[in-house]
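S.K.: please work out how this folds:
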Amino acid sequence: MQLTLERPDHEFFLRGADGRAALVNDRRLERSFILAPNTLIQDWPVADVRVLALADLEPLFALQPELIVLGCGATQAFPPAATLAACLGRKVGLESMTNAAAARTFNVLAGEGRRVVAGFVLGA
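M.R.: Below you'll find the model as predicted:
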């Protein structure tokens, strides 16, 4: 059987992620980062989703997403209620999940051509 790798129409895709590292294309990342289908921002200075402030999300908002996928590390955690409310006030959805789940979700949504941006918290 012949297998063919079908490359996505966008520049960046996740091959996997856990609480300590992620593989974006062929690049291993070990610090928190932001990812959109055609943008990679390394060294996002976020270490804990539970204290995520609206200001921490500004680089993600700048990419004009309809949905933010928030990879919170190896275990699921949630941002403060005020941060979630501020996202809703901007009409941007925010979904928080483990990094592994966020990687799968990002790839599906990006593959559908959705305006998705993901923030991944690593090092936990």
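S.K.: show residues contacting the top helix by length along the chain.
M.R.: Secondary structure of the chain per DSSP state H: the longest helix is helix 99-111. Residues outside helix 99-111 that contact it (C-beta atoms under 8 Å, 6 or more residues apart in numbering) are 8, 10, 13-19, 22, 35, 37, 67, 69-74, 95, 97, 116, 118, 120-122. C-beta coordinates here come from the backbone N, C-alpha and C atoms, glycine included.
S.K.: buried residues in stretch 35-50?
M.R.: 35-37, 41, 44, 46, 49 (16 or more other C-beta atoms under 10 Å).
S.K.: farthest pair within those residues?
M.R.: Taking C-beta to C-beta as the measure, the buried residues of stretch 35-50 span a maximum distance of 22.3 Å, between 37 and 49.
S.K.: can you tell me what sits against the one helix or strand residue 60 maps to?
M.R.: Residue 60 is part of helix 54-61, with elements assigned from DSSP states H and E. Applying C-beta under 8 Å, 6+ apart, the contact partners of helix 54-61 are 34, 41, 44-46, 68, 82-83, 86-87, 90, 92, 117, 119.
S.K.: helix or strand next in line after that helix, which one?
M.R.: With DSSP H and E, the next secondary element past helix 54-61 is strand 67-71.
S.K.: partner strands of that following strand and their direction?
M.R.: Using DSSP bridges, strand 67-71 pairs in its sheet with strand 93-97 (parallel), strand 116-120 (parallel).
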